[in-house]
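Student: no sequence on this one, just coordinates:
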């Protein structure tokens, strides 16, 4: 089967543009804030709204899947070709908290279009990017004259991503048979810039821990005892200081075990991106670049593991002074992981390192949270090539490759379903994820629709290509 | 003039014991908590109560001195010998906060005697130890048959010591002519133990600062930016870790400039004290001794300068995790200083060191609070010998020497008045200063009275002895 003609896809999208935007606006009006318990009914309403819309789109099977927290939506549309590959689209229907007084120019849950941009909480993260698949698959059918997609299409749209997906792993493990797929398309990321369409090839993983240090049984007087007993805040600081060596490499023994190093080709491709470090620092609201010696900023963020202190606390933090040796201190550490690193191994390495770092008289408790594995799809993977081709057709421009420094439940899909995870997103860095005045560029939103419309035919045609 | 006969002093004290305790109890009932604004009237009432009592004791001049905060009490009783030395007794009439529910066995401001101990907030710190001078001076007069003390006696009892004496320096500078003295006796300390009477010969000084570190302009995502920009919490931790070298010596260049080292004799005297490190650790509620290599625990606490982190904070400290690079972090540091160290020099040294420690991209602000100078009286000082002799007579035992690791406004008296500061206290470590169930041992309280009774004659006789 050949690719559908681009003009047919574009015509169909143009005809349905207004209705699509009306529908998306209706969904964005539902404040599905998963982190706020009083919005739990809204999160449920959001799931039900989406389920009804996916049924209307044509998915013959649509189910709302309860979890111990917020519900997910599952939809399935088998191909008329039984040998077609199965693709699972992942996204989420919950959103970050938002309030007008945080600095929004308009009500966050009252979508408005200004200057070709749709402003609303969830416009880019992630309702807009979930929703472009609904018009995408219908354009695919209309332009190809099919009555069912060229691939077996499944969608899993969870409701707790903005709360750390606490029940996601359990959900996909218990529903692994229904979710089985040859490849996973995650539509919850972005691309380099409006002018530079890119496909993301991997995400870093994440391991997190809190290390609690206990010294004196209560705060004690720094005059009476200072200089003669160990101070847990000092011990906490020394732990953090020992995280990195003088080259800003992580100094925990065993931390780099198994790390998949960047290939020369990947480094070349990264270097080709129009990266402006000054601009990047401005986006990072930071005043200097600083990281592992021997790597560029993009390499550090996308392809190198890190150890970062997210919080540190101990002793007196109020105004003025208090001459104590604190009883306790704590540090919250997170480790971004890259392909080849195993969270369990990292946990063991961190525990052993922390135990060795702490002096006599300080007790240590290290608590790890749930970890997220890294994922990475090789550049020559046929499904990745399909995504790049579909995107390139939509944008009329060559597609470059990025990675994502953050971490997401996508890695669980890779892990549980054993399928490669690909990333298809059209959001740009200025879209303001988690920030006031979140928006999506309408031009890019419809490039997303168009990419989705091309992708299923391309995947069906090429998914068995040898790498 | 010879010393007054001990039996006459003791008889006088015994005769006036009950009335003295009644008076002290009346004073202790006034909750003169200087840190709590709603107790400001009580602090004033405490000053007025004491002023009336000092007038009743016989001081011909008694004044309540206002400050921008709580008032101090000044009293003066000239000797009938115009060539006698002038002695200024320092103490304070304000107390730490206390509430029954903090763990008190009885109401903190309703004094009770149980098992030979007087329980009340302020019993030891400092009302009891101020008040023993009132009976002391009358016993001195009664036993010696004098109508005025053997020394020109002045008392300055401040009302803000438990709030950090914010107006004390200003007060004594503006009243320096009235306060002029040959020596200062501070009665706001303690002794080694009930069985080991000791005289304190010095206090450590104190310099305090807060170092604020600013990285990104707001908290930023540790996935998007982690590993590629400097983290102010890491910088804060590295600062704290750099405070000490591997021998637990302070590693700030210039920090030890001018330090008066312990003499061999002082080290011998410290070593003769019945020090039980296990017991000391139990008092310190700590689980190991740790400090500067080459010094004993007592030497570390009494005679060595320190750098201690009293508080550290940055980033997310709530439950769970938050994957950010924090925008800011801060550390609160305090430095205990010993004789020979200058707080201004320490401030310069810390500022220069901190500036050098912090990486590009992190902004630093270092804010110093008011400093307290160290003070130290040589073992062979004649006034120190008088205190030791008077105490030895009262206790019927040899007196040993200690120092105080903490810091106090006493050092300002030394500084402004140019007079050596001596410490006379009979409190013991179990008295629970600043803690629930503060008490004073009645036996020791009356040894304090007796010491005070002997001291003025001894000082008058010996203050011109060559060291």
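Tutor: Alright, I've got the coordinates. Owing to the predicted nature of the structure, the values given are computational and were not obtained by experimental measurement.

Student: Show me the domain layout of chain A.
Tutor: Per automatic domain parsing, the structural domains of chain A span A:6-202+A:375-462, A:205-259+A:305-368.

Student: Tabulate those domains (TSV), appending mean pLDDT, mean neighbour count and distance to chain B.
Tutor: In this view, the C-beta of every residue, glycine as well, is placed from N, C-alpha and C. Listed next are the domains of chain A as TSV, based on pLDDT from 0 to 100; neighbours: other C-beta atoms under 10 Å in any protein chain shown; distance: least, C-beta to the nearest C-beta, whole Å:
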stretch	mean pLDDT	mean neighbour count	distance to chain B
domain A:6-202+A:375-462	95	21	3
domain A:205-259+A:305-368	96	21	3
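
Student: Any chance of those in TSV with distance to residue B:353 as columns?
Tutor: Below are the domains of chain A laid out as TSV (distance: least, C-beta to C-beta, whole Å):
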stretch	distance to residue B:353
domain A:6-202+A:375-462	34
domain A:205-259+A:305-368	15
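
Student: Which among those is found nearest to residue B:130?
Tutor: domain A:205-259+A:305-368 (20.7 Å; C-beta to C-beta).

Student: Can you get me the start-to-end distance on that closest one?
Tutor: 14 Å (C-alpha to C-alpha, to the nearest Å).

Student: right, and the domains of chain A - which one's nearest residue B:56?
Tutor: Using C-beta to C-beta, the nearest of these to residue B:56 is domain A:205-259+A:305-368, at 35.4 Å.

Student: check contacts around the closest residue to residue A:402 other than its chain neighbours.
Tutor: Excluding its sequence neighbours, the residue lying closest to residue A:402 (C-beta to C-beta, 6 or more residues apart in numbering or on different chains) is residue A:198, at 4.5 Å. Contact analysis of residue A:198 by C-beta atoms under 8 Å, 6 or more residues apart in numbering or on different chains lists A:191, A:192, A:273, A:399, A:400, A:401, A:402.

Student: try 10 Å
Tutor: Counting by C-beta atoms under 10 Å, 6 or more residues apart in numbering or on different chains, residue A:198 touches A:189-192, A:269, A:273, A:388, A:391, A:395, A:399-403, A:423, A:425.

Student: what do you get for residue A:372?
Tutor: A:164-165, A:169, A:203-208, A:336-337, A:343, A:406-412, A:415, B:223.

Student: so of those residues, which ones are in helices?
Tutor: A:169, A:343, A:410, A:411, A:412, A:415, B:223 (DSSP state H).

Student: I figured the last one hits residue A:308, correct?
Tutor: What it means is residue B:223. Yes: between residue B:223 and residue A:308 there is a contact at 9.5 Å, judged by C-beta atoms under 10 Å.

Student: Next, show the common contact partners of those two.
Tutor: A:334, A:336, B:323, B:324, B:325.

Student: The last one contacts residue B:221, doesn't it?
Tutor: Okay, so that is residue B:325. Yes: with contact defined as C-beta under 10 Å, residue B:325 counts as touching residue B:221 (7.7 Å).

Student: what do the two both touch?
Tutor: By C-beta under 10 Å, 6+ apart, the residues touching both residue B:325 and residue B:221 are residue A:284.

Student: what residue is smack in the middle of chain A?
Tutor: Nearest to the geometric centre of chain A sits residue A:408, at 4.1 Å (C-alpha atoms, centre = their mean).

Student: got the contact list for the closest residue to that one other than its chain neighbours?
Tutor: Spatial nearest neighbour of residue A:408, chain neighbours left out: residue A:203 (5.8 Å); criterion: C-beta to C-beta, 6+ apart. By C-beta under 10 Å, 6+ apart, the contact set of residue A:203 is A:186, A:189, A:302, A:336-339, A:372-376, A:403-411, A:414, A:421, A:423, B:223.

Student: the strands in the stretch 51-200 of chain A, which residues?
Tutor: Taking DSSP state E, counting those that start in this stretch as the test, the strands found in the stretch 51-200 of chain A are A:61-65, A:72-77, A:86-92, A:112-114, A:117-119, A:152-158, A:183-186, A:198-203.

Student: Residue A:458: which of the ones you listed is closest?
Tutor: Comparing the strands of the stretch 51-200 of chain A under C-beta to C-beta, the one sitting nearest is strand A:86-92, at 11.1 Å.

Student: Tell me which strands the closest one pairs with, and in which orientation.
Tutor: Counting by DSSP bridges, the strands paired with strand A:86-92 are strand A:152-158 (parallel), strand A:183-186 (parallel).

Student: Tabulate those strands (TSV), appending distance to residue B:39.
Tutor: Listed next are the strands paired with strand A:86-92 as TSV, based on distance: least, C-beta to C-beta, whole Å:
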stretch	distance to residue B:39
strand A:152-158	56
strand A:183-186	62
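
Student: wait, which of those is closest to residue B:85?
Tutor: Of these, nearest to residue B:85 by C-beta to C-beta is strand A:152-158, at 84.1 Å.

Student: what's the angle from the closest one to strand A:72-77?
Tutor: 170 degrees (axes from the mean of the first three to the mean of the last three C-alpha atoms, to 10 degrees).

Student: Could you check how far strand A:152-158 is from the centre of its chain?
Tutor: 17 Å (C-alpha atoms, centre = their mean, to the nearest Å).

Student: how many degrees apart are it and strand A:61-65 in direction?
Tutor: 20 degrees.

Student: those helices in the stretch 1-150 of chain A, which residues are they?
Tutor: A:6-28, A:40-57, A:127-144 (DSSP state H, counting those that start in this stretch).

Student: can you list those helices in a markdown table and add distance to residue A:354?
Tutor: Shown next, in a markdown table, are the helices of the stretch 1-150 of chain A (distance: least, C-beta to C-beta, whole Å):
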| stretch | distance to residue A:354 |
| --- | --- |
| helix A:6-28 | 44 |
| helix A:40-57 | 37 |
| helix A:127-144 | 39 |
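
Student: Any idea which of these gets closest to residue B:98?
Tutor: helix A:40-57 (45.9 Å).

Student: what helices or strands is the closest one leaning on?
Tutor: helix A:6-28, strand A:61-65, strand A:72-77, helix A:127-144, strand A:152-158 (3 or more C-beta pairs under 10 Å, 6 or more residues apart in numbering or on different chains; DSSP states H and E).

Student: got a markdown table for these, with distance to residue B:179 too?
Tutor: Shown next, in a markdown table, are the helices and strands packed on helix A:40-57 (distance: least, C-beta to C-beta, whole Å):
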| stretch | distance to residue B:179 |
| --- | --- |
| helix A:6-28 | 74 |
| strand A:61-65 | 81 |
| strand A:72-77 | 77 |
| helix A:127-144 | 75 |
| strand A:152-158 | 74 |
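
Student: Return the residues in contact with residue A:155.
Tutor: A:50, A:54, A:57, A:59, A:62, A:72-77, A:87-91, A:130, A:133-134, A:137, A:185, A:187.

Student: switch to 6 Å and redo it
Tutor: Neighbouring residues of residue A:155 by C-beta atoms under 6 Å, 6 or more residues apart in numbering or on different chains: A:75, A:89.

Student: Kindly report the same for residue A:337.
Tutor: A:204, A:205, A:305, A:374.

Student: Also residue A:188?
Tutor: Counting by C-beta under 6 Å, 6+ apart, residue A:188 has contacts A:91, A:126.

Student: Now it. Its backbone dihedrals?
Tutor: With angles defined as degrees, to the nearest 10, residue A:188 sits at phi -150, psi 40.
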